[in-house]
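J.: next input, structure requested:
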Amino acid sequence: MDNFVAIDVETANQYPTSVCSIGAVKVVDGAITDSFYELVKPYPNYYIRRFTEEIHGLSRTDTDTARFFPEVWADLERFIGTLPLVAHNKQFDERCIRACFRHYDMFYPEYPFYCTLVKARTSIPRQLCSSFSLPVLAGFLGIPFDNHHNALADAEACAKIAMALL
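T.: Reported below is the predicted structural model:
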């Protein structure tokens, strides 16, 4: 796949509407051309320390002055244009994005949405790769990756994995 936007969201709590950060990386003609990252004021606006703060390091003090999802998505929608989306574990990211669209009564444009996790599970023999988690898969493919659970870092790793597998 040569043209797409890799996307990743992080959440503040157990609700899929609680998106607190979004990262996206644009790939055009097989090369990364641009990136997008923004904090989002989540709904509901609370954080579970064990559930999220210890995973991605964000807390309410980081997002209390952030814009709400519809405002952030308006900018991201222009960034995406007509490109398809790709995520690592699309099931999670798409569920959260769709939940936010429903919560804010927004029209969801049915983006074509691909998953690097599914592709890895179906194309790489399990005995070759100990796990298909984002950091393990990136390492297996020789893709440098750190800062796991930062939405932009995860989107970039996903983009590079997608360029290798899709």
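J.: mind listing what's buried in the helix or strand containing residue 92?
T.: If you go by DSSP states H and E, residue 92 is part of helix 90-103. Judged by neighbour count (16 or more other Cβ atoms under 10 Å), helix 90-103 contains these buried residues: 90, 92, 93, 94, 96, 97, 98, 99, 100, 101, 103. Placement of C-beta: from N, CA and C, glycine included.
J.: what about residue 113, how many neighbours?
T.: 17 (other Cβ atoms under 10 Å).
J.: give me the beta-bridge partners of it?
T.: Counting by DSSP bridges, residue 113 forms beta bridges with residue 85.
J.: cross-check the contact I'm expecting between it and residue 88.
T.: No - between residue 113 and residue 88 there is no contact under Cβ atoms under 8 Å: 12.0 Å.
J.: may I see the buried residues of stretch 147-159?
T.: Of the residues in stretch 147-159, those buried (16+ other Cβ under 10 Å) are 149, 150, 151, 152, 153, 154, 155, 156, 157, 158, 159.
J.: nearest to residue 56, out of those: which one, please.
T.: The closest of the buried residues of stretch 147-159 to residue 56 turns out to be residue 149 (Cβ to Cβ; 4.1 Å).
J.: distance of that closest one relative to residue 102?
T.: 25 Å (Cβ to Cβ, to the nearest Å).
J.: with residue 130 instead?
T.: 37 Å.
J.: of all the residues in the worst-scoring helix or strand of the chain on mean pLDDT, which ones are buried?
T.: Sorting the helices and strands of the chain by mean pLDDT, DSSP states H and E puts helix 54-56 at the bottom, at a mean of 86. Within helix 54-56, the residues that count as buried by 16+ other Cβ under 10 Å are residue 56.
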